[in-house]
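Visitor: Let's see this in three dimensions:
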Amino acid sequence: MLELHLHLDGSLRPESVWDIADSQNINTGCSSLEEIRDNMICPPHCPDLTDYLRRFDIPILVFQKESNIERFSYELVEDLAKEGLEYAEIRFAPSHSVKEGLSQEAVVEAVISGINRGMKMYPQIKIQLILCCMRGDNMYEANMKTINVAKTYYGKGVAALDLAGAEALFPTDSFRELFDYARSLDMPYTIHAGEAAGPESVISALSFGAHRIGHGINSIKDESLIERIIKDNITLEVCIQSNIDTKAFPENEVHPIKKLYDMGVHVTLNTDNRTVSNTTLAHEIELAKSIGFTDDDINKMWEYAKMARFD
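Guide: Numbering: from 1, shown residues only. Predicted coordinates for the structure are as follows:
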């Protein structure tokens with residue numbers, strides 16, 4: 001098994017967060033491990049995207065020191081290896097961890113240290129990193145810094161860039177300059193698109209030169225876009241449980257991944273945020289089978305993922 005779309009800060013162990021917050025006197029507003037869990041994991045019937053996104057508030061608080069970042073990175077590698085993964089691309093925004101004085105370079109080096117320790121302990125798994133630029137107000141300078149940091153560590157643990165954040169509020173097309181710059185540096189990238197926004201977001205991402213799309217499920221609404229995705233062998237990094245949690249498609253509709261697959265789109269299975277969505281790849285496989293995927297289909301999606309990975 002392998003995974004292309006996995007957020008580090010959405011996949012922290014609640015036990016480790018509780019331990020670090022307690023030992024370092026970090027005020028999370030929680031008085032017990034159970035309360036930490038309740039605040040990091042969205043409920044079975046998550047009310048909306050806003051509730052889902054607040055599950056990242058506590059992880060960001062404890063993701064500001066190099067030792068913590070290294071530990072969380074190692075633990076995620078350990079979790080993935082024990083679940084039988086052979087390869088994973090872990091993504092995170094280094095700009096989220098500079099609130100207490102760390103540089104983006106220091107953040108990336110801490111993550112690299114953690115994943116290298118993990119791969120040494122569990123040599124059966126290979127990990128690559130994707131650095132996320134972020135949608136939001138006043139993010140231009142930080143995002144340009146992220147691109148430069150990605151270039152510095154490219155081939156040394158970092159494999160690509162991404163654009164994440166509030167897609168509906170900050171349209172993909174607004175970030176063309178960032179990806180023009182990334183392309184000028186020969187940096188590969190994927191882009192979150194077609195999740196909270198419609199097909200136009202995916203069209204913009206493709207116009208930037210992206211060959212992989214994070215989520216991309218709203219492509220189903222545009223037949224000509226689907227034809228283009230198939231023709232150009234674009235890979236969609238689909239995260240079924242996360243899409244259910246964030247209400248990325250109407251609750252009374254079946255997830256569109258099977259329809260996209262049947263049309264010939266290269267869809268792949270991913271967890272997005274293991275802790276926030278309380279999921280694993282095994283769970284995502286179960287969800288896929290519940291909407292009609294066979295074992296042969298699952299194996300074909302693994303092949304799509306192998307072809308699309310950044311290493």
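Visitor: tell me which strands and helices the worst-scoring helix or strand of the chain on mean pLDDT is in contact with?
Guide: Least confident helix or strand, the chain: helix 49-53 with a mean of 82, by mean pLDDT, DSSP states H and E. Counting contacts by 3 or more Cβ pairs under 8 Å, 6 or more residues apart in numbering; DSSP states H and E, helix 49-53 packs against no other helix or strand. Bear in mind the C-beta positions are built from the backbone N, C-alpha and C, glycine included.
Visitor: Give me the contact list for that helix.
Guide: Contact with helix 49-53 is made by 42, 46, 196, 245-247, 276, as judged by Cβ atoms under 8 Å, 6 or more residues apart in numbering.
Visitor: now, which of these lie within helices?
Guide: Residues of the contacts of helix 49-53 located in helices (DSSP state H): D245.
Visitor: beta partners for C132?
Guide: Beta-bridge partners of C132, counted by DSSP bridges, are D162.
Visitor: Any idea how many residues pack against the closest residue to E70 other than its chain neighbours?
Guide: Spatial nearest neighbour of E70, chain neighbours left out: G114 (4.2 Å); criterion: Cβ to Cβ, 6 or more residues apart in numbering. Around G114 there are 26 other residues, counting by other Cβ atoms under 10 Å.
Visitor: does the residue lying closest to A197 once chain neighbours are set aside sit in a helix, a strand or a coil?
Guide: Using Cβ to Cβ, 6+ apart and skipping residues adjacent in sequence, the residue nearest A197 is E167, 4.6 Å away. Under DSSP: H, G, I helix; E, B strand; the rest coil, the three-state class of E167 is coil.
Visitor: which residues touch E167?
Guide: By Cβ under 8 Å, 6+ apart, the residues touching E167 are 135, 192-193, 195-197, 201.
Visitor: Between those, which sits nearest E89?
Guide: E89 has its nearest neighbour among the contacts of E167 in H192, at 13.8 Å by Cβ to Cβ.
Visitor: Buried subset of the contacts of helix 49-53 as a PyMOL selection?
Guide: Restricted to buried positions by 16 or more other Cβ atoms under 10 Å, the PyMOL selection for those reads:
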select buried, resi 42+46+196+245+246+276
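Visitor: Using JSON lines, lay out the contacts of helix 49-53 together with distance to R183.
Guide: Below are these laid out as JSON lines (distance: Cβ to Cβ, whole Å):
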{"residue": "C42", "distance to R183": "35"}
{"residue": "C46", "distance to R183": "36"}
{"residue": "A196", "distance to R183": "25"}
{"residue": "D245", "distance to R183": "33"}
{"residue": "T246", "distance to R183": "29"}
{"residue": "K247", "distance to R183": "33"}
{"residue": "V276", "distance to R183": "31"}
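Visitor: Among the contacts of helix 49-53, name the least confidently predicted one.
Guide: Within the set of these, pLDDT is lowest for C46 (85).
Visitor: Ramachandran angles for that one?
Guide: Main-chain dihedrals, C46, degrees, to the nearest 10: phi -60, psi 130.
Visitor: what sits against it?
Guide: Counted by Cβ under 8 Å, 6+ apart, C46 has contacts 52, 245-247.
Visitor: In strands, which of the contacts of E167 fall?
Guide: Using DSSP state E, the members of those that fall in strands are 192-193.
Visitor: which of the contacts of E167 are buried?
Guide: 135, 192-193, 195-197, 201.
Visitor: Tell me which two in those are the farthest apart.
Guide: Greatest spacing in those, by Cβ to Cβ: R135 and E195 (11.8 Å).
Visitor: What separation is there between D272 and I240?
Guide: Using Cβ to Cβ, to the nearest Å, we find D272 at a distance of 9 Å from I240.
Visitor: Also K258?
Guide: Counting by Cβ to Cβ, the gap from K258 to I240 is 10 Å.
Visitor: neighbour-wise, which of those two wins?
Guide: I240 (25 against 15).
Visitor: In terms of helices and strands, where is the closest residue to that one other than its chain neighbours?
Guide: Spatial nearest neighbour of I240, excluding adjacent residues (Cβ to Cβ, 6+ apart): L287 at 4.6 Å. If you go by DSSP states H and E, L287 is part of helix 281-290.
Visitor: buried sites along that helix?
Guide: Quick answer for helix 281-290 (16+ other Cβ under 10 Å): 281, 283-285, 287-288.
Visitor: For that helix, give me every contacting residue.
Guide: Contacts of helix 281-290 (Cβ under 8 Å, 6+ apart): 1, 3, 83, 85, 239-241, 255, 257-258, 269-271, 297-298, 301.
Visitor: Please enumerate the strands of the chain.
Guide: Remark: strands assigned in the chain by DSSP E are 2-7, 87-92, 126-134, 158-164, 191-193, 212-215, 235-238, 266-269.
Visitor: nearest to Y140, of those strands?
Guide: Here strand 126-134 is closest among the strands of the chain (Cβ to Cβ), at 9.5 Å.
Visitor: Output stretch 86-103 as PDB - backbone C-alpha positions only.
Guide: Only the C-alpha atoms of stretch 86-103 are listed here, as PDB (Å, rounded to 0.1, in the frame of the first residue of the first chain):
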ATOM      1  CA  GLU A  86       5.600   0.700   1.600                       C
ATOM      2  CA  TYR A  87       5.600   4.400   0.500                       C
ATOM      3  CA  ALA A  88       4.000   7.600   1.600                       C
ATOM      4  CA  GLU A  89       4.200  11.300   0.800                       C
ATOM      5  CA  ILE A  90       3.700  13.400   4.000                       C
ATOM      6  CA  ARG A  91       2.800  17.000   3.500                       C
ATOM      7  CA  PHE A  92       2.800  20.000   5.900                       C
ATOM      8  CA  ALA A  93       3.100  23.800   5.900                       C
ATOM      9  CA  PRO A  94       6.400  24.900   7.500                       C
ATOM     10  CA  SER A  95       4.900  28.500   7.700                       C
ATOM     11  CA  HIS A  96       2.500  27.200  10.500                       C
ATOM     12  CA  SER A  97       5.400  26.400  12.800                       C
ATOM     13  CA  VAL A  98       7.300  29.700  13.000                       C
ATOM     14  CA  LYS A  99       5.100  31.300  15.700                       C
ATOM     15  CA  GLU A 100       7.800  30.900  18.400                       C
ATOM     16  CA  GLY A 101      10.900  31.800  16.400                       C
ATOM     17  CA  LEU A 102      11.700  28.800  14.300                       C
ATOM     18  CA  SER A 103      12.700  29.400  10.700                       C
END
